[in-house]
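1. Using only what follows, build the 3D model:
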Amino acid sequence: MRLSIAYIVENENCIFFVQSLKSALAVADEIIVVDGGSTDGTLELIDSFNNEKIKVIHKKFLHESKGANGRQRNEYLKWVTGDWILVLDADEILSDDAYKLREYAESGKFDVYNIKMLHFIYSMKLVDATDGGNPLVRNPDYIHRVQNRFFKRTPDVFYMEVEHPILFGFKGDLGIIDDVVIYH
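-> Numbering: from 1, shown residues only. Next comes the predicted model:
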């Protein structure tokens with residue numbers, strides 16, 4: 001089972017992206033980065049890793065288009081070669097137990113998973129921003145999980161061309177991963 005990690009980026013030359021790439025390299029067989037036209041040293045940062053696992057795809061990000069985010073995400077779907085794909089943003093870092101993602105993929109139980117997310121807030125202190133429940137529904141048992149971030153690669157999956165796209169086209173039930181965390 002091969003694991004691909006996919007990013008869309010533009011002007012992400014910062015410590016968060018460095019940490020994100022380090023965490024991704026620890027578990028990925030390949031990393032696909034779709035760059036939207038960085039001018040701040042992001043490409044040089046990626047090159048500094050000097051790692052053959054990382055492949056950069058250049059596709060201009062069309063800011064004026066509300067579907068640009070979805071188009072960028074569909075671009076990495078064209079390039080990934082892994083059996084499974086994990087989607088990360090440049091400011092997201094995987095927990096040390098991310099190796100467990102392979103176990104989820106190999107179990108064959110689900111083709112798509114939501115993953116628990118914890119947030120850095122208040123001067124970089126790690127705080128679960130959902131602690132105390134989701135204020136929109138006042139549910140004290142609420143756990144923030146990012147939708148459809150880990151999924152089996154099939155020709156049917158795609159992103160709607162909207163600003164905050166969600167993955168569509170997967171078959172079967174949705175799995176939940178709470179013992180691997182994406183820090184945001």
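2. residues contacting Tyr76?
-> 6-8, 32, 34, 57 (C-beta atoms under 8 Å, 6 or more residues apart in numbering). Glycine gets a C-beta too; all of them are placed from N, C-alpha and C.
3. Just want the phi and psi numbers for Gln19.
-> Gln19 adopts backbone torsions of phi -60, psi -40, taken as degrees, to the nearest 10.
4. Can you give me the distance of it to Glu12?
-> 11 Å (C-beta to C-beta, to the nearest Å).
5. of those two, who's got more company?
-> Neighbours of Gln19 and Glu12, each counted by other C-beta atoms under 10 Å, are more numerous for Glu12; the result is 25 against 16.
6. just to revisit the earlier point, buried subset of the contacts of Tyr76?
-> Neighbour counting with 16 or more other C-beta atoms under 10 Å marks 6-8, 32, 34 as buried within the contacts of Tyr76.
7. Now render those residues as TSV, adding pLDDT.
-> Below are these laid out as TSV (pLDDT from 0 to 100):
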residue	pLDDT
Ala6	98
Tyr7	97
Ile8	95
Ile32	98
Val34	97
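8. Okay, and which of those map to helices?
-> Members of the buried ones among the contacts of Tyr76 lying in helices (criterion: DSSP state H): none.
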